[in-house]
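# my questions concern the predicted model and sequence given below.
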Protein chains: 2
Amino acid sequence: MQTRSVGILIFEQVEVLDFAGPFEVFSRTRLEPGVESRRSLDTAPFTVFTVAETPDPVTATGGLRVIPDHGFGDAPAIDLLVVPGGFGTRSLLEDEVVIEWIRKRAEEAELVTSVCTGALLLATTGLLEGRRATTHWGALDLLAELGDSTHVERELRVVEDGVITSAGVSAGIDMALLVVERLHGRAVADETARYMEYVRR
Amino acid sequence: MQTRSVGILIFEQVEVLDFAGPFEVFSRTRLEPGVESRRSLDTAPFTVFTVAETPDPVTATGGLRVIPDHGFGDAPAIDLLVVPGGFGTRSLLEDEVVIEWIRKRAEEAELVTSVCTGALLLATTGLLEGRRATTHWGALDLLAELGDSTHVERELRVVEDGVITSAGVSAGIDMALLVVERLHGRAVADETARYMEYVRR
């Protein structure tokens, strides 16, 4: 079957659940319900991979070490771009290589999403200008500063306005399930949540 | 400050959120509330690491590649043992090296926990005999078969009976938050959930 590619950016001090939540959702979604369908890729609508600036291992918050599937140099086309957050985003705000990569991949993508303080990176690329957006509660003010014409939503868990941004850490799971719902319908999203025993918010 | 060590077992085809959820909770818990306290380890009550049979990279479900912090041969003492699940558990049920490692580490640990089908591994070691326990909804019957005298709880998300077992995938987050609550009180657990923007169940 035809699949969409999901590229998840990872970097030093990326928050673990910020990337692992959407990774879980997109990689475990199946168009056929149940547990058995998840043993193969036959009805998997997404191909999910991680991308980092280089192919070297990345250390996430808490010390979890992840080997990216691709570096910027060899990453395949990305249909759905996921930009997670974490303390590591702060230094990336001034990293032109990363910001430029996000800007370029976002232009080419069908859909751009962020989790937590990943929204700060999107704001820095200019992608959130004129849009409603959110981030982790601890970074709402900073998001307002970075995005001159961004309307910061302070109460919503997931904000859809062309770009899809979500609140902190675990909200990335709800963001990803909403993307599944938009692309494949409510039943597929709810069934994926049920497989994960996750109660959608 | 004195910390407890949290050893999280990982293996080929471990479910991503099964280990990443508890990893996030334990590694981001702080006794001092707020975002800033999480920039350092000063008030971190847990030291968290992953352990696999060998130090080689492990491929989780969906293809996420993780470098374990330790192999069985060099893992430090484990106070809290976390056994996650995933399709990879099935072959481990007959892997005497892994089962024996879990049995030995469980004996030495202050607390033993499982997420999802990790309970099947605990059942195989005999640790769930005479206890109430749960697992992913798709494996409840198998858990009943493996644990002769195990009372399988089919409706609960987290089951405490000496050993703490949890339902599927995302329920591991609730299990970990409950452990935080038992060891450090409700306020610390709730504040960690708030940092993660997770609504406890």
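Arrived safely.
# hang on, A:Gly168 packs against B:Ala193?
No: using CB atoms under 8 Å, A:Gly168 makes no contact with B:Ala193, being 10.8 Å away. All C-beta spots, glycine's among them, are computed from the backbone N, C-alpha and C.
# which of those two has more neighbours?
A:Gly168 (26 against 21; other CB atoms under 10 Å in any protein chain shown).
# so how far is A:Ala106 from the more buried one?
21 Å (CB to CB, to the nearest Å).
# likewise for A:Glu24?
In terms of CB to CB, A:Glu24 sits 23 Å off from A:Ala106.
# kindly report the same for A:Pro76.
A:Pro76 sits 16 Å away from A:Ala106, going by CB to CB.
# state the pLDDT value of the most far-flung residue of chain A relative to its centre.
Within chain A, the residue lying farthest from the chain centre (CA atoms, centre = their mean) is A:Glu36, at 26.5 Å. We have a pLDDT of 92 for A:Glu36.
# what's the answer for A:Glu191, then?
On the pLDDT scale, A:Glu191 gets 98.
# and stretch A:40-56, what's buried?
Residues A:44-53 are the ones in stretch A:40-56 that count as buried (16 or more other CB atoms under 10 Å in any protein chain shown).
# turn those into CSV, including distance to B:Gln13.
What follows is the buried residues of stretch A:40-56, written out as CSV (distance: CB to CB, whole Å):
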residue, distance to B:Gln13
A:Ala44, 15
A:Pro45, 20
A:Phe46, 18
A:Thr47, 17
A:Val48, 15
A:Phe49, 17
A:Thr50, 17
A:Val51, 22
A:Ala52, 23
A:Glu53, 28
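# ok, and of these, which contact chain B?
A:48-50 (CB under 8 Å from any CB of the partner chain).
# with pLDDT and secondary structure added, can I get those in CSV?
As requested, these are exported to CSV (pLDDT from 0 to 100; DSSP: H, G, I helix; E, B strand; the rest coil):
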residue, pLDDT, secondary structure
A:Val48, 98, strand
A:Phe49, 98, strand
A:Thr50, 98, strand
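# with neighbour numbers in mind, choose between A:Pro76 and A:Ala106.
Applying other CB under 10 Å to A:Pro76 and A:Ala106 shows that A:Ala106 carries more neighbours, namely 19 against 12.
# quick one: contacts for the most centrally placed residue in chain A?
Nearest to the mean C-alpha position of chain A, by CA atoms, centre = their mean, lies A:Val82 at 2.6 Å. Shown in contact with A:Val82 (CB atoms under 8 Å, 6 or more residues apart in numbering or on different chains): A:6-9, A:19, A:22, A:26, A:113-115, A:118, A:172, A:176.
# stretch A:18-37: how far from the chain's middle?
Distance of stretch A:18-37 from its chain centroid, counting by CA atoms, centre = their mean, to the nearest Å, is 14 Å.
# how about the residue nearest to A:Gly147 when sequence neighbours are not counted, secondary structure?
Using CB to CB, 6 or more residues apart in numbering or on different chains and skipping residues adjacent in sequence, the residue nearest A:Gly147 is A:Ala123, 4.1 Å away. Of the three states, A:Ala123 takes helix according to DSSP: H, G, I helix; E, B strand; the rest coil.
# surely A:Ala123 meets A:Leu143?
Yes: A:Ala123 is within contact range of A:Leu143, at 5.9 Å (criterion: CB under 8 Å).
# these two: which is more packed in?
A:Ala123 (28 against 23).
# so how far is A:Lys104 from the more buried one?
17 Å.
# just A:Thr3 next, same as before
22 Å.
# ok, A:Val48 touching A:Val25?
No: using CB under 8 Å, A:Val48 makes no contact with A:Val25, being 9.2 Å away.
# returning to what we had before: from the buried residues of stretch A:40-56, which is closest to A:Leu64?
A:Thr50 (12.2 Å; CB to CB).
# A:Glu15 and B:Phe23 touch, don't they?
No: counting by CB under 8 Å, A:Glu15 does not reach B:Phe23; the two are 10.8 Å apart.
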